Structure formats: C-alpha cells, structure tokens
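Student: My questions are about this predicted structure, shown below with the sequence.
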Amino acid sequence: LAPWVPVVGLEIHAQISSNSKLFSGSQVQFAAPPNSLVSFFDASLPGTLPVLNRRCVEAAVMTGLALNCSINKKSLFDRKHYFYADLPAGYQITQQRVPIAVNGSLSYNLCIDNKMSQMVTKTVRIKQIQLEQDSGKSLHDDTRSQTLVDLNRAGVGLMEVVMEPDMCCGEEAAAAVRELQLILQTLGSSQAVMAEGQLRVDANVSVHHPGEPYGVRTEVKNINSIRFLAKAVDYEIQRQIEELENGGTILNETRAFDAKLGCTVPMRDKEGKQDYRFMPEPNLPPLILYDAKSLPANTNHQQVVNIDWIHERLPDLPSVKRAKLVEQYGILPEHSFALLNEDGLTEFFENVVKQTQMKPKKVIGWILNVLLSYLKQHSLTVKESPVSSFLLADLLNLLEKKEISSTAAKQVLAELWKGEGKTPLEIVKEKKLELIQDQKELEQICQAVIDGQENEVIMMVLG
Amino acid sequence: QVSAALKEGHVTPTELCQRCLALIKSTKFLNAYITVAEETALKQAEESEKRYKRGQPLGVLDGIPVAVKDNFNTAGIETTCASNMLKGYISPYNATVVQKLLDQGAVLLGKTNLDEFAMGSGSTDGVFGPVRNPWSYSRQYKEKSVPKPRSVDEESNWVITGGSSGGSAAAVSSFTCFAALGSDTGGSTRNPAAHCGVVGLKPTYGLISRHGLIPLVNSMDVPGILTRCVDDAAVVLGSLAGHDPKDSTTVQDNFKPFELPNLPDVSKLSIGIPKEYHAPGLSSEILALWSKAADLFKNAGAKVIEVSLPHTRYSIVCYHVLCTAEVASNMARFDGLEYGHRSDMNNSTESMYAATRREGFNDVVRGRILSGNYFLLKQNYENYFIKAQKVRRLIANDFLKVFGSGVDILLTPTTLSDAVPYTEFIKEDNRTRSAQDDIFTQAANMAGLPAINVPTALSERGLPVGLQFIGRSFQEKQLLTVAKWFEKQVKFPMIQLEEVKRHNHDVFQHEKSASFS
C-alpha cells in the first residue's frame, strides 16, 4: 500500500484581550448576563457606524511581530455577508483583501516518542493575521422550537491566525497551537483560554500520496481543547485514509468533532458553498500604521499606532524565556518547557531558587516531579498551591543543610500540603525527623540493630 | 430675520412653534410630514422662551422650528424611513446632526416624508404615500394651468416634489419650518429643492457626520440642508459641520463656521460650464435659464468658460452598480430579529427572514437588493463592482482636473425640467425615473464634492426651476458666496400660498424670501 501524506492547516481565532469591542465601546466580559453588553452598533441599529478600537490594532501588531510577520502599513476592512441569527448586521467586518499582518512563522517543539529528553523543533508558516468581529451566540431550544440569541459576544475583536498546511498530524497541530497560546498569553494580546472560547481552532485536513497533488480537504470545527484538537485531526486523517482506500471520495465539507464519540461528523448547518459577496467596508478608511521612519512630524501620539514603538516593548517570547532559564539556571531544555507550560510555575521556581541555597538543578526536580505532580493530582493551579515558594524554599534549605534526609523531606512536604500553617522546622521537630549528626549516637543505633538481628548477621558473614 | 425677531421679542418661540404647527395642520394635504412631534416641540419652544427671557439664547438657531427627514434617528420619535420595515420603530438615540440642532435650541417639529429608504427621485414611493409639491397649490401655478375641458379636478393636477427628500423640501417651501434636514446620495436634496423652489445644499462628503443617518450608500450619502435662502444654509452648515468621533469618515480638520459677505464679489472668479451637461431631455426653458445665468456672471466680470467632464455619460451606470451593491449590504441587517417588522412566519429562521423582508420592503428596495447582490457575487465582482469603482475614480478625476485648471465653480442645471404632475411621473418606474432625474446631481456624490441648488425662476407653468453650483472639496464658503450672489441677482419670487397668508406669518412680510439669519 502506497504511503499517505497527511496535510494539516489551521485557522485559529483568538479573542483580543481588550476592555471594549473592536468597533464599539461596549465591554468585553466572559459570562455576563445575556444581552447586557450590547451597544447600539453591536445590535446593528440602523444608522450606527463602526469606530476602530486602538487597543485591538496594537494587539494584532504585537502578535504579528511576535510571529515574525510583515506588518502591512496599510490594511483594509471588508464586509463578509451571510444571514445568521448571531450576526445582527447580516455581515461581519473582517479583513479579506489586505490583512494587518502576513508571511510569518511559528516555531514549536515536539517530543520524539514521548520522551521529553528528545525534542525536535518544527516551524509552521503563518499566512496572515486579520482583525475581525466575533459573532454573538445562538442557542437552539429544540423543545420549544426557538433560538435564543445572546449578543454579548457580537463585535468582540478577534485575530484570525491562519497557519499554512505545514503540519502532518494531531500532535504537531496541538504543539503549534500550544505554543501560539503561550505567545498570546505572554504578549497579553489574548488570554487564549480555550475553555472560555477565547481561542478557537478549526483544522483543515487532507491526505495524498507523495508526488501527487493535495487531496480534497475537510474543515473540522467544534474543537474545545488542545487535547481534542490532536484527537480530531488524527481521527480525520484516519477516516480519510480509510475512505480513500475503500474506493470512496472525500467531500469538501465542514465536519464537527464529537468529543464523546471521538470522531468527526458532517455538520448539518452548512448547505452548499456560500458566496459571501465581499465588499469593502465603506465606513472605515484604510488602516494606516507608522514606524519611526514614516511617522510624520507633529503627529498626535494618541492618533497613531507606531509599529517600532510596539516592537521595542515586546516582552520576551516563550522561546527566549526558555533559553534564558536554561542559561541562567543550568536546567535542561525540557525542564524549561515544563516550567513555561504551567501558568505561574516559572515564577514559583525562580522564587524558590532565590530563597534557597540548593542548586537550581536540584530545585527543578522538586518543582517538576514533586510539586507539579501533587498539583495535578489535586487539580490545583500553581496559584492555588497550599505550599508557597517560601515554605518550599525553607524545606529545601533543611535538606541542603543535611538536617533531614530527602525521604524525611517528602514526609514534611506531605504535611505541608495540609496547609495547616506549620513551618517545615516545626513539622520536623514534631515528627522527630531530624537527621542524627552525632557519630557515637549513630554507632549505638547500628549496634542495636545488629544485636537485634544476630541470625541475619551470621548469615551475612558466612556469605 | 426671524432669529432677530426672537431676540428682540417681536415673536416668542412658543408663538412661532404654534404657528408652524397650525400651518402643518392646514397643509396636511401636502403629506410632507410623517410624524409631527407636537408635544416635544412645544416643550422645546418653552425652554427656548425661558432662555430668551433670561437673555441667554444658545445661538442663532435657538427657538427656530426645523424638520428632519425620516431617515435620521430621533430619540423617542418614530423613525420609519417611509418603510413598513421600520413602522413604529422608536430609536433610542439621536443622529449627531439632530443632536447638534437640538443642542443649539432648535425646535424639532417632526419627521418628513420621503421615498422608502431614500430610494427614488419623486418622494412618491414611501408607504405613507407621495408628497405633494406646495407649488401645486400656489397662485403662480394655478394661474398658468391650462383649464381642463372636464371638471377641473385640482387633486389630479398636483405636481411632485422631486426626491427623495421631498417632505423636507415641501416643509421648507410651505413655510411650516425654517430649515430642514434631508439626505443626498445622488441628488436627493438638490432635486426636490429645485422643484420646490428652495435652497438645497449638499455638503462635501466627510464634512458632516452621518452617524444616525440610516444609510443608503455609505460612500456617497451626506446630510443635506434645505432652507429658504443661502445665508440660512450657511448658518445651519455652521452648526452641523465638524469631525465626529462616532463617524470615522468625517475629516479631522477643525471646521470654522463662516458668515457670507453681504455684497459678494464674483468678478475674480472662473465659472465652468460642463459641456456634457447639455443632456438630451433638458428642457429648453432650463437651457435658456442656464445660459442667462452664465451671462449674468460674465457681465459681472467673472470668467465663464466651457469645460469638459468626459466621463459624465458613464456616471448613471456606475452609480447604479455601486449604489445597489451598498444597498444590498446595508439592508442585510433588516431581518426582523433585533428591531423593526418581524413576520409571523416562524417555520424556520430562514423563512422568517424571507417573509419579513418581503413584507417590510417595497419593490424598489427589493429590486436594488437583488441587483446589488448580483454585482457582488464572486464571479461578477471584478466585472461590475471593481470596474464601477474605477469609473468612479475617473469621474472624480474629471472634476479634479477641471478645478485644478483654474476653474472655481461649475454651473449646471439641477433638473431636466420643472416638476411633472404625479400622474405623469408614475407612468415610468422608479429606476427609470431615478436614472433620468439624477443625471446632473449624481456626479457630485460620486466625487464627494459640495453642490447647491439655488432657486432661479419660475417656469412657464409657474413652477420653480433651480440651477446648481458645484464647488471644490471643503470650499463651502466659496460655493455659498457664489450662490448668495446669484440668489441676489435672480430674486426668486415667494410662493403665494393661501394657507401661508391665512396664518399671517407677519414675520415674512418684511422680505421677499423669509429667512432666519
């Protein structure tokens, strides 16, 4: 059987983290009472006009720069028309002709064979980033044959990040998205929490034989977590391969991922291909961005967005942070990944290091193997940890000074988890876990042990 | 003058308001108003009166009764766009221009009638019926009317106002208000101004905020100003122009309101006569007036030259493509879900949309939506929409070239003829009429230029005829100065309407054409 080459591309919608929406002043907030955050413009009241939110533009520029894109100094807005209950104006304002950023790249890392120690770096090309409006939410109430529409989300700013089909499997897609998520969170341009709908991923999947043209692709939607993304992509790849090997064909359709069944199913809603009748948005002039060179003299700083200014203020991206951690603390690259992968863990680690004499290379083991696994077991975030960095550092210091053994330390930690407010030293004293330093005392104990086990000793001596 | 009268206490805002309201009632047959906001108007007049008594009027517009076309949002007052789709729709906000008028103390009498969603050139295609031109009932028209062999039925002889801001034009023309807002997308302010014998100003695109104006073509719409004299138009313009953060297409430059010189001088100007505007169908009367007007300028020392705007003949088609495309887009929001008419059909969301839109829109609107969507289809976009945009650029460049060559103002007809009787007008469909009637006015919308209709003379039938001046972008001051000079020269007669006389607007007896400045 000829080998199959799976091809995976992604369209990612990231909700911009901003106080107000992309084109109106209503607030952006998760889980507010229905229709409580809707301005006249969001409800498409006739006569209302869009006014571009500066913060959203900055977020998109930041993200574009972080993804190595060219920022288009002039980009345009367009209307994309279709009728749906959650789209009050009957069109979405997006950037179809000239988006704000193009031609970037994202590097991400994969473990080979699930071994963290063997990592390989891959790159996916970023086709473009465009600004666009989010739609409202519609809930179908089948029992009463009605649709309930909540427009709180209508008009919230989105960055659509389009990743070229450079990926080949679920794992790669998941790793790429995870890295993008970390970048967005580092920049602050999006909180990118998938569970809250701030990051939504659609996957485009196709398969073909090497040397042949790309196959028909399907679009997979309704993926609610990174884990499900990998599953959905892999399932779809398998489904297509099986279909084609059985002599079937792949339809260019949209499919939804069913998390319960772990498979993709055709979506009923999308009937046929839509012609979106794109048209320039006449109420928004072209978006002009400046850099230090092109900035005209005497411009009001409030009225312009300066790409260079934003570039200078970009925080360290995850890849840079990881490299710095490795260099500064002598930890392994895979450690740095694990640190960045958990919100707040890096800070925790660094705080412990500051407060202890134990070498970072040893501290990391306690952080990643002991602390993290405990947190995972109890589904806690780092912020929720009952053991603070101060307490842990305290404990590690006792260990470092050889006042306790590492076994004892683990026992102390188990006590500390209870969060009863005792210090490590108090627990050590309470449970009499101190290491005995006195030589004579140790000899007495050993002698006592040997004396109590005469037979075994004779057996040992005889060989 | 009425402003001065208010200041000096010759008349109070309440009296003024009441007289206008009474006149509106007696001229109800004109059908100029869709909604008369009697209560709120009287309240506003009272407030104004208090201010005058304190000696603290807000400005020249304080206490002045005005009317607003029913496609501008007015908080608490029904805004219908003369459509079933928005019957009963009470907007929660004021359009910026409405707010500005109110902030100046103007008294909002009501909302005026129009063609449905401003689509049309007759003000005949709205759900509240057609607007009648007040001049139909003027002594001047009646005197010139050929008596019919059968029983003279005045009713069937009435002429249209032109459109689509016919209600506003009629309201100003019949003295029921001192100024009115219209909108102008292809001539909708200037056309009815010409037919009703009033001043109709289309400002430069981007000068006045469109926030709250229910759009027809976003890239061409402007709020229009209708008044009885050019000075009044300048005053209203002064109170409305300027950047609005709520409208991203308004220019950021500071606008300085201006007063027009009392004795304008046109001797240093260069007046252009575009030869392509000798359109087929142009009445010989208007042609003659146009020529006379050119002579007037020549005799005053201005340079009058023939110029060419070679792409004029493509403007109708170009306009049609771009206009319908934007209409299709702008009307997409009317789905019955959030506001406006919603059909009872509820088998599915789609069927509800379809029924709602069929019930809510008239044929004209639906026709334009269908055309527009056709042009926006992927396979047609390049050949129609993009092409039309390119042609639009060419048309705009024609003007740039002419203005760049030293011409200051263009002088053209506004309409092909004087107002036709309603029974004549409806023989052709809306699209045909619009295509014909917009011919002189449309190009200014394509190019975003300011233009103004100045009432010039009465036709042989005793009906008003106006001429149009087109100026450079943002040069309203120059445009209005020329218009004012011309107005003084032609001394257009005042309408002689029974109803107006009856209400004894003695304020008006001072001057030939009444004004408030």
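Tutor: That came through fine.
Student: Tell me where the model's unsure across the stretch 1-150 of chain B.
Tutor: B:1, B:147-150 (pLDDT under 70).
Student: what about the residue of it found nearest chain A, distance to B:Thr80?
Tutor: Relative to chain A, the nearest point of the stretch 1-150 of chain B is B:Asn73 (4.7 Å; CB to the nearest CB). For glycine as for every other residue, the C-beta is placed from the backbone atoms N, C-alpha and C. Remark: distance between B:Asn73 and B:Thr80 (CB to CB, to the nearest Å) = 11 Å.
Student: who has more neighbours, those two?
Tutor: Ranked by neighbour count (other CB atoms under 10 Å in any protein chain shown), B:Asn73 and B:Thr80 place B:Asn73 first, with 28 against 25.
Student: Quick check: residues of chain A near chain B?
Tutor: A:40, A:43-52, A:79, A:81, A:83, A:85, A:88-91, A:147, A:149, A:275, A:277-279, A:282-285, A:303 (CB under 8 Å from any CB of the partner chain).
Student: Setting the sequence-adjacent residues aside, check what's closest to the residue of the stretch 351-500 of chain B found nearest chain A.
Tutor: Residue nearest to chain A within the stretch 351-500 of chain B (CB to the nearest CB): B:Leu376, separated by 3.7 Å. Leaving aside its sequence neighbours, B:Leu376 sits nearest to A:Arg277 (CB to CB, 6 or more residues apart in numbering or on different chains; 3.7 Å).
Student: quick one: contacts for the one you found?
Tutor: A:His81, B:Ala328, B:Ser329, B:Asn373, B:Leu376, B:Leu377, B:Lys378, B:Tyr381 (CB atoms under 8 Å, 6 or more residues apart in numbering or on different chains).
Student: can I get these in a markdown table with pLDDT?
Tutor: Shown next, in a markdown table, are those (pLDDT from 0 to 100):
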| residue | pLDDT |
| --- | --- |
| A:His81 | 96 |
| B:Ala328 | 97 |
| B:Ser329 | 97 |
| B:Asn373 | 96 |
| B:Leu376 | 97 |
| B:Leu377 | 96 |
| B:Lys378 | 95 |
| B:Tyr381 | 97 |
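Student: who does the top strand by length along chain A touch, helix- and strand-wise?
Tutor: Counting by DSSP state E, the longest strand found in chain A is strand A:115-133. The contact analysis (3 or more CB pairs under 8 Å, 6 or more residues apart in numbering or on different chains; DSSP states H and E) places strand A:115-133 against helix A:54-66, strand A:91-94, strand A:101-112, strand A:157-167, helix A:170-187, helix A:333-341.
Student: Let me have those in TSV, adding mean neighbour count and mean pLDDT as columns.
Tutor: Listed next are those as TSV, based on neighbours: other CB atoms under 10 Å in any protein chain shown; pLDDT from 0 to 100:
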stretch	mean neighbour count	mean pLDDT
helix A:54-66	22	97
strand A:91-94	21	97
strand A:101-112	18	92
strand A:157-167	23	97
helix A:170-187	22	96
helix A:333-341	19	91
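Student: For beta bridges, what are the partners of residue 111?
Tutor: You didn't pick a chain, so chain A it is. For A:Cys111, the beta-bridge partners are A:Met119 (DSSP bridges).
Student: meant chain B, my bad for not saying
Tutor: Beta-bridge partners, per DSSP bridges, of B:Lys111: B:Thr35, B:Val68.
Student: Neighbours of it, how many?
Tutor: 27.
Student: isn't it right next to B:Ile34, touching?
Tutor: Yes - using CB atoms under 8 Å, B:Lys111 makes contact with B:Ile34 at a distance of 5.1 Å.
Student: what is in contact with those two at once?
Tutor: B:Asp70, B:Glu78, B:Thr80.
Student: need the contact list for the last one.
Tutor: The contact partners of B:Thr80, by CB under 8 Å, 6+ apart, come to B:Ile34, B:Thr35, B:Asp70, B:Leu86, B:Lys87, B:Gly88, B:Tyr89, B:Lys111, B:Val127, B:Phe128.
Student: For these, pick the one with the most neighbours.
Tutor: Top of the contacts of B:Thr80 by neighbour count (other CB under 10 Å): B:Asp70, with 30 neighbours.
Student: ok so, going back, what does the residue of the stretch 1-150 of chain B closest to chain A show for phi and psi?
Tutor: phi -70, psi 130 (degrees, to the nearest 10).
Student: Enumerate every residue touching it.
Tutor: Taking CB under 8 Å, 6+ apart, one finds A:Leu45, A:Pro46, A:Gly47, B:Thr79, B:Ser91, B:Tyr93, B:Asn94, B:Ala95, B:Val98, B:Gly212, B:Leu213, B:Ile214 in contact with B:Asn73.
Student: any chance of those in a markdown table, with neighbour count too?
Tutor: A markdown table is the format used below for the contacts of B:Asn73 (neighbours: other CB atoms under 10 Å in any protein chain shown):
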| residue | neighbour count |
| --- | --- |
| A:Leu45 | 23 |
| A:Pro46 | 25 |
| A:Gly47 | 22 |
| B:Thr79 | 26 |
| B:Ser91 | 23 |
| B:Tyr93 | 18 |
| B:Asn94 | 23 |
| B:Ala95 | 26 |
| B:Val98 | 26 |
| B:Gly212 | 29 |
| B:Leu213 | 27 |
| B:Ile214 | 27 |
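Student: What residues does the stretch 1-150 of chain B have near chain A?
Tutor: Residues of the stretch 1-150 of chain B lying near chain A by CB under 8 Å from any CB: B:Phe72, B:Asn73, B:Thr79, B:Cys81, B:Leu86, B:Ser91, B:Pro92, B:Tyr93, B:Ala95.
Student: Give me the nearest residue to the third one, chain neighbours excluded.
Tutor: Nearest in space to B:Thr79, with sequence neighbours left out and distances taken as CB to CB, 6+ apart, is B:Ser91 at 4.8 Å.
Student: which secondary structure element contains the residue nearest to A:Ile237 when sequence neighbours are not counted?
Tutor: In space, A:Ile237 comes closest to A:Pro6 once its chain neighbours are excluded; the distance is 4.4 Å by CB to CB, 6+ apart. Using DSSP states H and E, A:Pro6 sits within strand A:5-15.
Student: Sheet partners, orientation included, of that strand?
Tutor: Applying DSSP bridges, one finds strand A:5-15 paired with strand A:157-167 (antiparallel), strand A:199-208 (antiparallel).
Student: Quick one: name whatever helix or strand follows the last one.
Tutor: Tracing the chain past strand A:199-208, the next element assigned as helix or strand by DSSP H and E is strand A:218-223.
Student: how does chain A divide into domains?
Tutor: A:5-288, A:318-431 (the TED database).
Student: which one of the ones you listed is the most hemmed in?
Tutor: Comparing the domains of chain A by mean neighbour count (mean count of other CB atoms under 10 Å in any protein chain shown), domain A:5-288 ranks first with a mean of 19.
Student: so how far is that domain from its chain's centroid?
Tutor: Averaging C-alpha positions (CA atoms, centre = their mean, to the nearest Å) puts domain A:5-288 14 Å from its chain's average.
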